[in-house]
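> Requesting a structural model of the entry that follows:
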Amino acid sequence: MKKYFILLLITLVLFSCGQDYNSQSNDVGQYSQSPIDRSTAEGQRLHLVYRSMQSQCFSCHGSWSSYITSSQWVNAGLVVRGNPNTSKLVYRLKNMGGNMPPDPSSQISDDDYSAYLNWINNL
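A predicted model of the protein is given here:
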């Protein structure tokens, strides 16, 4: 009986470790692979930005998660190719009225901000 209990316990531990989210905290998919095609340098730059947005932006700006190509960001009017200074996305991140996200303890890092600028500058 003791052997079966240990075997059951081991089985439960092994199968419970395959989940990429905490089902009790509404973060389904937060740690999953991003849908961004990373086969190009542009895709790799967008992937870095997208990962930052997954943790910092999508909880409030959920519709942005559907933009998985640079062209979609441009067509939505949030990004101006090659010009982060006139891109609404950058303005929302670091603007005169306050930085996003609004909670100062969760604002994007300087490295993440640089990734946004690099991505847009190289479009």
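> quick one: low-confidence ranges for the protein?
2-33, 96-97 (pLDDT under 70).
> That one: helices as residue ranges?
Remark: helices assigned in the chain by DSSP state H are 2-16, 41-56, 70-75, 88-93, 110-121.
> got CSV for the ones you listed, with distance to Pro104 too?
From N, CA and C alone the C-beta is placed, and that goes for glycine too. What follows is the helices of the chain, written out as CSV (distance: least, Cβ to Cβ, whole Å):
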stretch, distance to Pro104
helix 2-16, 36
helix 41-56, 13
helix 70-75, 26
helix 88-93, 13
helix 110-121, 14
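> want to try a markdown table for those helices, with mean neighbour count and distance to Pro101 as columns?
Below are the helices of the chain laid out as a markdown table (neighbours: other Cβ atoms under 10 Å; distance: least, Cβ to Cβ, whole Å):
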| stretch | mean neighbour count | distance to Pro101 |
| --- | --- | --- |
| helix 2-16 | 9 | 32 |
| helix 41-56 | 18 | 6 |
| helix 70-75 | 16 | 19 |
| helix 88-93 | 18 | 9 |
| helix 110-121 | 16 | 12 |
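> Would you tell me which of those helices gets closest to Gly82?
helix 110-121 (6.2 Å; Cβ to Cβ).
> Give me the angle between that closest one and helix 41-56.
140 degrees (axes from the mean of the first three to the mean of the last three Cα atoms, to 10 degrees).
> Residues contacting helix 110-121, please?
For helix 110-121, contacts defined as Cβ atoms under 8 Å, 6 or more residues apart in numbering pick out 42, 45-46, 48-49, 52, 56, 70, 79-84, 87, 89-90, 93-94, 108.
> can you tell me which of the helices of the chain comes nearest to Met100?
It is, among these and with distance given as Cβ to Cβ, helix 88-93, at 5.2 Å.
> Mind giving me the packing neighbours of that closest one?
helix 110-121 (3 or more Cβ pairs under 8 Å, 6 or more residues apart in numbering; DSSP states H and E).
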